[in-house]
Structures are given as C-alpha cells and as structure tokens.
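**Student:** the following comprises the amino acid sequence and a computationally predicted model.
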Amino acid sequence: MRMKEEFSRDRSDEEAEGEETTSQFSVGVLQQQQRKLAVVGYALTSKKTKSFLQPKLEGLARNKGILFVAIDQNRPLSEQGPFDIVLHKLTGKEWRQILEEYRHTHPEVTVLDPPDAIQHLHNRQSMLQCVADMNLSDSYGKVGVPKQLVIKRDASSIPEAVTKAGLSLPIVAKPLVADGSAKSHELSLAYDQYSLRKLEPPLVLQEFVNHGGVLFKVYIVGETIKVVRRFSLPDITKRELSRNAGVFQFPRVSCAAASADDADLDPSVGELPPRPLLERLAKELRRRLGLRLFNLDIIREHGARDHFYVIDINYFPGYGKMPGYEHIFTDFLLSLVQSQYKKRSCQ
Ligand SMILES: Nc1ncnc2c1ncn2[C@@H]1O[C@H](COP(=O)(O)OP(=O)(O)OP(=O)(O)O)[C@@H](O)[C@H]1O
Ligand SMILES: O=P(O)(O)O[C@H]1[C@H](OP(=O)(O)O)[C@@H](OP(=O)(O)O)[C@@H](O)[C@@H](O)[C@@H]1OP(=O)(O)O
Ligand SMILES: [Mg+2]
Ligand SMILES: [Mg+2]
C-alpha cells in the first residue's frame, strides 16, 4: 500500500506535549496523526462529483484514512498522485487511451474500472449480452432480457424488421449509445407498427414488459449489493394498446425522486427479487463484465412471481442516493488497498 504520512510536520510537537498530558484528547489526536492515507484520484464530471463526493462521504473517508484528490486532466496522470486507486467516469477515446497507458505503466494502481470493460456498457446491445448468455435459471427464479432488436440506420425499414424479429408491441425505443449524455436517456414508447418509422436510429427496440409499475435497482459496489424500489412505467393493457397509436417520448421515470421504498405496494409487485438469485446474478456479472461499480434495473413480469428481466445496466450510477453508500464505498476502497498491500508483501 503506497500511503502517505498525515500531518507529519505537527507530530513531534504533539508528541512532546503528549509526554506530560496524556489526556484522552491528545491520545486521540496522536492516533489520528499517525494514521496513514490511501489516496484516491478521481476524474468525474462536475455533475457526478457533486452527487457522489458529498461532504458526508469525504468526512467519513478522511476518518478512515482515505483522501480523495481531483485529477487534473490538463496534466500528465503519471505526474500526479501517487495514487492507490483511480476512480473515473469520463467519456472519450482520448481519456480511455490515457487510462490504458497509465494502467500499463502503473500496475500497482487499481483503476476503477478498466476502460474497455466500461465501454461494453456504452452500447445497449452489448450491455445486456452477458445477461442473455448467462441464461440464469434456478429454484429461486429465472433472469432474462426482453426480446430486442438493433436498428443502425434507415427508419423506414423498422416496421418490417420488427415483424421479422417477432417483436410484440408496445415497444420501448432506446438510443443505442448509453454514454450518460442527456440524449442517451431520451426514450420513447411506440404503440403501433406504422409509427415506428418516425424513430431516429441508431436504436435498440425492446419489447415492453408489464411489471406493475415498479422496478428494482440493484446497486453493486464490489461484493456488496443494495436493492431499492423505484416507480416505473405503468402496465399497458391489450385494450389500451388497441386504442392508441403513435410514439411518445417519456421522461426519466425511475430517477432518484421516484423512490417506491415507502409506498404501499401490492406484495406481488413490491416483493424484492430473491436475495440468492441477485447474489448469483451479481457475482456472475462482476466476473463476465470485469466491473466492480455498476447497477442493474430489474423488473418482474407482472403476474409471474419468479420471472425477471434486466432492462438496463449503468456504470458508476448515482451511488449518492444509495442508502448507506458512505460506509459501503469507504469499506470497499479500504478492502482494495488492503489487498494491494497483501499482494505486494507476498512478492
Ligand atoms: N423493456 C422494458 N419494459 C418495461 N419498461 C421499460 C423497459 N425498458 C425500460 N423501461 C422503463 O423505462 C425506464 C428507462 O429505461 P432504461 O432504464 O433502459 O433507461 P436509462 O436512460 O438507461 O435509465 P438510467 O437512468 O437508469 O440510466 C425504466 O426505468 C423503466 O421504467
Ligand atoms: O439520476 P439519478 O440521480 O438517479 O442518478 C443517475 C446518475 O446521475 P448522477 O450523475 O446524478 O449520479 C446517472 O449518471 P450519468 O450516467 O448521467 O452520469 C446514471 O448513472 C443513472 O443511471 C443514475 O440513476 P440510478 O440508476 O443510479 O438511479
Ligand atoms: Mg435505467
Ligand atoms: Mg441506463
């Protein structure tokens, strides 16, 4: 563990005083001063810095010996730090190259997470491929992905492509690229086949699955899993489908403000997915995706107690809204530096 001594300049003064006055206060201060620091460099958008790096997180981190340092993107990464961990969520090829080069020249630093692995989640088709490949089914339930189709160009071909692929209406149209930009979150719901021509590729078209208007956000931080309930789009009946036509853009229905944790829900809708199923899913996804920081949006098919669909996976999601994130995140960072230390002492 490459750590720094904290407050070393003041330490001798305090020790001299401490010989005579070993009050509880001075012992506490001494202990704190002798503590080492784990340095976490971060490269986040200002929006993400604000939502993630809240004073309560920084305060707890400092008490545990973790220091967050902003990475200056205008200076070479190797000249900054030294870091034990690099935490990042920025887009662009240039940044990915900088990080890849840094990982190569600084194998002792844990980069959360590898840029290539994150890139996999920036495309709504490859994002869900791991879940489909896994084909998870056990006594606790079944986890799949909704039937979906990629349309790269030519909106006029969509109605035919949808019929050919056997996709049923209604359909959720999602931008193919999911890079965290506002545009990548602009989704629409299509009620009839003809209107699908109005959509703007590149897109993923996904069957809408009725799920009782509630979804489960499964947050993953290393080995830890936290699940919350959020409101979602309501069910669409056959009758509604036959009476409506058109494509409708819909807003961010399941954002943090749409918490359903305190709502009085029908148990068949609100019951959390079985823990063992989520643990298996999370473990397998961590391995297959090669990521430690992500969340999944999971829905339960309405009326089917144990049939679940993953509809979205997000890298470095809004952890600031995850209950207890300060403790979970700081413990996770400490476990990483501890395993770095163990690795080094074995070499
Ligand atoms: N296949 C589906 N069936 C039913 N509802 C869906 C489906 N796909 C998406 N939704 C609804 O649309 C919302 C947004 O979809 P999705 O999560 O894919 O978008 P996003 O912009 O990536 O969201 P996030 O803010 O979580 O990144 C979901 O929260 C859910 O309410
Ligand atoms: O909008 P919320 O506050 O809920 O948080 C969202 C978060 O915004 P933040 O930047 O404020 O953390 C988003 O980040 P960007 O990709 O846009 O950078 C994205 O990760 C969403 O998936 C998060 O929703 P969640 O899945 O965690 O609920
Ligand atoms: Mg989502
Ligand atoms: Mg998403």
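**Tutor:** Alright, I've got the coordinates. Numbers count the residues shown, from 1 in each chain. Ligands and ions are numbered 1, 2, ... in the order given.
**Student:** CA atoms for contacts and neighbours, from now on please.
**Tutor:** Fine.
**Student:** and the residue lying closest to R153 once chain neighbours are set aside, how close does it get to N123?
**Tutor:** For R153, ignoring the flanking residues on the chain, the nearest one in space by C-alpha to C-alpha, 6 or more residues apart in numbering is P201 at 5.2 Å. According to C-alpha to C-alpha, to the nearest Å, P201 and N123 sit 13 Å apart.
**Student:** give me the common contacts of those two.
**Tutor:** Common neighbours of P201 and N123 are listed as L176 (criterion: C-alpha atoms under 8 Å, 6 or more residues apart in numbering).
**Student:** hmm, the residue nearest to R153 is touching L149, no?
**Tutor:** No: under the criterion of C-alpha atoms under 8 Å, P201 is not in contact with L149, lying 11.6 Å apart.
**Student:** is M127 located within a strand, as I assumed?
**Tutor:** No: secondary structure assignment (DSSP: H, G, I helix; E, B strand; the rest coil) places M127 in helix, not in a strand.
**Student:** mind checking how far it is from ligand 1?
**Tutor:** 10 Å (C-alpha to the nearest ligand atom, to the nearest Å).
**Student:** need the contact list for the nearest residue to that residue once chain neighbours are set aside.
**Tutor:** Distances taken as C-alpha to C-alpha, 6+ apart place L121 nearest to M127, at 4.5 Å, with adjacent residues excluded. By C-alpha under 8 Å, 6+ apart, L121 lies in contact with M127, A178, I313, N314, Y315.
**Student:** try it again with 10 Å
**Tutor:** M127, L128, Q129, V177, A178, D179, L289, F294, D312, I313, N314, Y315 (C-alpha atoms under 10 Å, 6 or more residues apart in numbering).
**Student:** just checking, which of those residues belong to strands?
**Tutor:** F294, D312, I313, N314, Y315 (DSSP state E).
**Student:** just those residues now: which is nearest ligand 1?
**Tutor:** Closest to ligand 1 out of the ones in strands among the contacts of L121 is D312 (4.7 Å), distances taken as C-alpha to the nearest ligand atom.
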